[in-house]
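1. sequence first, predicted coordinates after that:
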Amino acid sequence: MSILLFAESQQGKLKKGSAELCSYGFALAQQQNTSLTIVTVNCENADQIAQYGVSKLINLNLNVDYFEAHAYASALAEIAMAEQAKIIVISSSADAKYMGGVLAGKLQAGYVTNVVELPSTSEPLTLKHAVFSNKAFANTALEGKVNIIGLANNVHEETTQSTSTDVQQQDIHTDIKCTQSSIEQSQGKATIADADVVVSGGRGLKGPENWSLIEDLADALGAATACSKPVSDMGWRPHSEHVGQTGKPVATNLYIAVGISGAIQHLAGVNASKVKVVINSDPEAPFFKAADYGIVGDAFEVLPKLTEKLKART
Amino acid sequence: MKILVCISCVPDTTSKINFKDNNTVFDEQGVQFVINPNDEFGLTRAIWFKEKIGASVDVLHVGEASADPTLRKALAIGADKAIRIDTPATDAFVVADQISNYIQANPYDLIIAGRESIDYNGSMVPGMIAAKCDLAFVNTCVKLEIDGSTASATREMDGGMEVLRVELPLIIGSQKGLVEETDLRIPNMRGIMQARQKPLAVVPATESSSKTAISSFEKPAPKAAVKLVPADDIDQLIDLLQNEAKVL
């Protein structure tokens, strides 16, 4: 019995979310009184995870240089069996969710996603996870011989330990079903998935030509930009920025919504964010009921001032 | 080309979510059930293929007879045939098992399932089917072109897009982008009349058992009232975010 945790990397470097995931893995191993094996794939700086507490660290040298779900799932399934893992921990990134179902299918494993806490019971393993687009939580018992925990973003505190472990290298070869023909990835820019702050604009911005207000504020905060559904439907912003129930979920530390009324579908997508600030000229906007802080005011006046003051601060 | 679209029936996006029986069961009272939005984007793309390049479109649901009106809606907007595997959808594993067994007995060139249902948000059924049927799989698919037996599928990643080339048969996890919101169809009278004549096959389930069991539900803790800051006092907002919320 041991715990296997998959820490993701991108272009050879650990992803930012690895710290939280590994901290959760360490706490889980302590709670379950077992060992923690962390697996990375094609990662050059895997040694940096040792500080989050780990019994064993394996880097797989896989024969594919992009994220291919079948290949990654096959490789992890092989290691999980070799390590006799009973629990596998993965993140909630797009890649992890791409692979998670495939891995569960291959291992005939129990699997829950969007997990927000350590297990409440061990026999059976019971996990609390967000359902109904963050409008509720379910407590679910995992009944597989092997079980997979998909940890939600931004739910566990990062902790470091004074352990050190050598990275074991292992070559692994699997079948590949999808061939990458091209990739476009934002470089050095915060993404909605891993940003600490997201600044989001709605119809209140009146048109795509005013988006520099959102972008300037985001720049001042090192934030990612997002938008409401109507804004992406009208083509003001790309679909990839649409956050909400049918768009992307947001679970940041700080979510700033500008000119977004706060339809129930939008709130569902951003509920998991820790602090929500709403700037809207309509004091009756439903978003104020779901917000922590609010300014009733004209975005065209408030945003430049806020951006300026935040820039002056740093 | 034979296309299968897997349909989940979920509470309408505006539904209030409540539980009953000591918070162990979702309370369906007053809830309107619809085709899961991520499935509907996929279904609409499938119908586009049918009309533009020629294809047959079947829709499949795992569940009980209460879903039949939703399947009729899928037929009314252009699917050719509906199949319902008659068993309670106890968890994702059972659903994926049932669909996989059906596909293995009735092969398709393209299988579409929403990347996530908006009720339990598991995001795992398409991947599980891919594993069980050993199919090429592209999740969070926002663009799909098919040329003969080859598909070009665009996957949305965190902070980017990737174009993948795959040989059919293929399963995709569908979502918005595959078609636009404005492409979604509302059944018209002719479609509704035709749907009555189209087959809705109820097939018995194969043997499978669930791997998870929900023991209870909880609602999030109620939120404290919003703190309003005057529009001319930005300093106060920054101070609150910095010193009270500690997020700056």
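-> Cool, the structure landed.
2. neighbours of the nearest residue to residue A:183 once chain neighbours are set aside, just the number please.
-> Among residues not flanking residue A:183 along the chain, residue B:162 sits closest, at 4.5 Å (Cβ to Cβ, 6 or more residues apart in numbering or on different chains). (Glycine included, C-beta is placed from N, CA and C.) Applying other Cβ atoms under 10 Å in any protein chain shown, we find 20 other residues in the vicinity of residue B:162.
3. residue B:58 now?
-> As a burial measure, residue B:58 scores 22 neighbours (other Cβ under 10 Å).
4. does it count as helix, strand or coil?
-> Secondary structure assignment for residue B:58 (DSSP: H, G, I helix; E, B strand; the rest coil): strand.
5. strands of the stretch 151-300 of chain A, start to end?
-> A:167-172, A:179-185, A:197-201, A:224-227, A:254-258, A:275-280, A:293-296 (DSSP state E, counting those that start in this stretch).
6. verify the stated contact: residue B:151 with residue B:168.
-> Yes: counting by Cβ atoms under 8 Å, residue B:151 does reach residue B:168; the two are 6.1 Å apart.
7. of the two, who's got more company?
-> More neighbours surround residue B:151 than the other of residue B:151 and residue B:168, with 23 against 17 (other Cβ under 10 Å).
8. so in terms of bridging, what pairs with the more buried one?
-> Under the criterion DSSP bridges, residue B:151 forms beta bridges with residue B:146, residue B:166.
9. what's the local residue count around residue 53?
-> Just going to use chain A. Residues lying near residue A:53 (other Cβ under 10 Å) number 21.
10. oops, I was thinking of chain B
-> Neighbour tally, residue B:53, other Cβ under 10 Å: 11.
11. contacting residues for it?
-> With contacts taken as Cβ atoms under 8 Å, 6 or more residues apart in numbering or on different chains, residue B:53 has the following neighbours: B:1, B:146.
12. mind pulling up the pLDDT for it?
-> Reading off the confidence values, residue B:53 has pLDDT 95.
13. what does residue A:314 give?
-> 65.
14. and if you look at residue A:188?
-> Predicted confidence (pLDDT) for residue A:188: 71.
15. what ranges does the stretch 51-200 of chain A have for its helices?
-> A:69-82, A:94-107 (DSSP state H, counting those that start in this stretch).
16. my guess is the residue nearest to residue A:183 contacts residue B:154, does it?
-> Yes: when contacts are counted by Cβ under 8 Å, residue B:162 is listed as touching residue B:154 (7.1 Å).
17. now the closest residue to residue B:114 other than its chain neighbours, what's its secondary structure?
-> Nearest non-adjacent residue to residue B:114, counting by Cβ to Cβ, 6+ apart: residue B:38, 2.9 Å away. Classification of residue B:38 by three-state DSSP places it in helix.
18. most neighbours per residue, which of the helices of the stretch 51-200 of chain A?
-> helix A:94-107 (a mean of 27; mean count of other Cβ atoms under 10 Å in any protein chain shown).
19. TSV please, covering the helices of the stretch 51-200 of chain A and showing mean pLDDT.
-> As requested, the helices of the stretch 51-200 of chain A are exported to TSV (pLDDT from 0 to 100):
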stretch	mean pLDDT
helix A:69-82	97
helix A:94-107	98
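20. closest to chain B out of those?
-> Checking the helices of the stretch 51-200 of chain A against chain B by Cβ to the nearest Cβ gives helix A:94-107 as the closest, at 2.1 Å.
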